[in-house]
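Participant: okay, structure incoming, though there's no sequence with it:
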């Protein structure tokens, strides 16, 4: 079956296709396309002359491999499949859902140390790079985090599937943020999309959370999950959340709430965005924002389909920046805040304000420009809106959100 090639990620991984020293770990929320990316990498290897017999693919969720539960069983399976490969060439080992095997790290490390295996793995997000495995694989792996489709990819996949794109890109963008970017969701229409995404949430709980973490009170966990999803993009703290939950009759201990939020982050349902002080160049503890790994999580679980553009556009920009490989934090500039500071490898920065429009009043315009005008360095500064009339002020880039994203532009 022909698959849509997500060039943004393939470009990052290609340089490591033949690397036998580092394990390539592909992470991301369930159903974001990790298995498809693996299939495309295998196809590219074959296109570039690698013998099919040198490629070993094991999907441990498939029925014929479901009995593989122990390290010894996995070891024997890989040995058996390796017998079909060319003994004088690199073997390319791809394993999906590797968390199904207890102590799989020992096996993977063993084959890595043989020096003739290029290894790619994916698996349950609540475990794959948790503390214990990260410790065991320190310095021996590279993580490639996959996100659901950004707007550029969403348009590309619609074309790939032969679906029409609205001439009014503003309406197309609203459709994108309303249905989210899960690749397979594009194959469905209407309520089927909503049901598919609701199914993903259930699948994450059943496969990634319940099997890995003790959730004593499922209804309280679901209340916390619903609260975080419904309040995405809001500046908050553990104390604020505890207070709000208590007002709604849900009394929960601080340590339990902390635990549940960590579970949601490990399962990649949400991402936390910490505040960063520009003067000290340090992260600030306490208040932070939580963004959804896909906006479909919000719109599929709420009957009100109206778009609250403030947090929704922020979430879209946050995910777009992360998909382009940027680290993202909320910026504090004296008494002001800018929505995002993005950087790569801590050496280059860009500053971003996000809002629906700056054209409705001078007050709104000044509110968005002022934090950026307080920054005294020469890194790029952006105001991202849905405005089609673009303004110029003090060297700050004013850009239209869907034009910027559809062209796959970088911030620097």
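Facilitator: Nice, thanks for sending it over. As the structure is a prediction and not an experimental result, all values here were calculated from the model.
Participant: domains in this structure, by residue range?
Facilitator: Domain assignment for the chain by automatic domain parsing gives 7-145, 149-412.
Participant: can you list the weak-confidence ranges in this protein?
Facilitator: Low-confidence segments of the chain, defined by pLDDT under 70, are located at 85, 126-127, 129-134, 138.
Participant: list the neighbouring strands of the strand ranked longest in it plus their orientation.
Facilitator: Longest strand of the chain, by residue count under DSSP state E: strand 282-292. Sheet pairing here is set by DSSP bridges, and for strand 282-292 it gives strand 235-236 (antiparallel), strand 270-277 (antiparallel).
Participant: after it, next one along is what?
Facilitator: Note on strand 282-292: by DSSP states H and E, the next helix or strand toward the C-terminus is helix 296-299.
Participant: chain center to that next one, what's the gap?
Facilitator: Centroid displacement of helix 296-299 relative to its chain, using Cα atoms, centre = their mean, to the nearest Å, is 15 Å.
Participant: what about residue 362, how many neighbours?
Facilitator: Residues lying near residue 362 (other Cβ atoms under 10 Å) number 8. For glycine as for every other residue, the C-beta is placed from the backbone atoms N, C-alpha and C.
Participant: if you could redo that for residue 210, that was the one I meant.
Facilitator: By the other Cβ under 10 Å criterion, the neighbourhood of residue 210 contains 14 residues.
Participant: quick one, phi/psi of it?
Facilitator: Per-residue torsions, residue 210: phi -60, psi -40 (degrees, to the nearest 10).
Participant: follow-up on the earlier one: now the domains of the chain in CSV, with distance to residue 1?
Facilitator: Shown next, in CSV, are the domains of the chain (distance: least, Cβ to Cβ, whole Å):
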stretch, distance to residue 1
domain 7-145, 9
domain 149-412, 12
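Participant: and for the longest strand of the chain, what's in contact with it?
Facilitator: Contacts made with strand 282-292 from outside it, assessed by Cβ atoms under 8 Å, 6 or more residues apart in numbering, are listed as 228-229, 231-237, 240, 261, 269-277, 298, 314-315, 318-319, 329-330, 332.
Participant: write a ChimeraX command that selects only the buried members of those.
Facilitator: Buried residues among those (16 or more other Cβ atoms under 10 Å), as a ChimeraX selection:
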select :228,229,231,232,233,236,261,269,270,271,273,275,276,298,314,315,318,319,329,330,332
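Participant: what about the strands in this structure?
Facilitator: Counting by DSSP E, the strands of the chain are 23-27, 55-59, 91-96, 117-122, 141-145, 235-236, 270-277, 282-292, 327-333, 336-344, 348-354, 381-385, 392-393, 396-400.
Participant: so for residue 152, which of those sits nearest?
Facilitator: Closest to residue 152 of the strands of the chain is strand 396-400 (Cβ to Cβ; 13.9 Å).
Participant: buried residues, the closest one. List them.
Facilitator: Applying 16+ other Cβ under 10 Å to strand 396-400 flags 396-400 as buried.
Participant: and if you look at stretch 363-375?
Facilitator: By neighbour count on 16+ other Cβ under 10 Å, the buried set for stretch 363-375 is 365, 368-369, 371-372, 375.
Participant: so can I have a markdown table of the residues you listed showing distance to residue 359?
Facilitator: Shown next, in a markdown table, are the buried residues of stretch 363-375 (distance: Cβ to Cβ, whole Å):
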| residue | distance to residue 359 |
| --- | --- |
| 365 | 8 |
| 368 | 11 |
| 369 | 13 |
| 371 | 18 |
| 372 | 17 |
| 375 | 23 |
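Participant: so which of the residues you listed belong to helices?
Facilitator: Of these, the ones assigned to helices by DSSP state H are 365, 368-369, 371-372.
Participant: of those residues, just say which sits nearest to residue 200.
Facilitator: When these are ranked by distance to residue 200 (Cβ to Cβ), residue 368 comes first, at 34.6 Å.
Participant: which residue is the nearest non-sequential neighbour of that closest one?
Facilitator: Leaving aside its sequence neighbours, residue 368 sits nearest to residue 353 (Cβ to Cβ, 6 or more residues apart in numbering; 4.7 Å).
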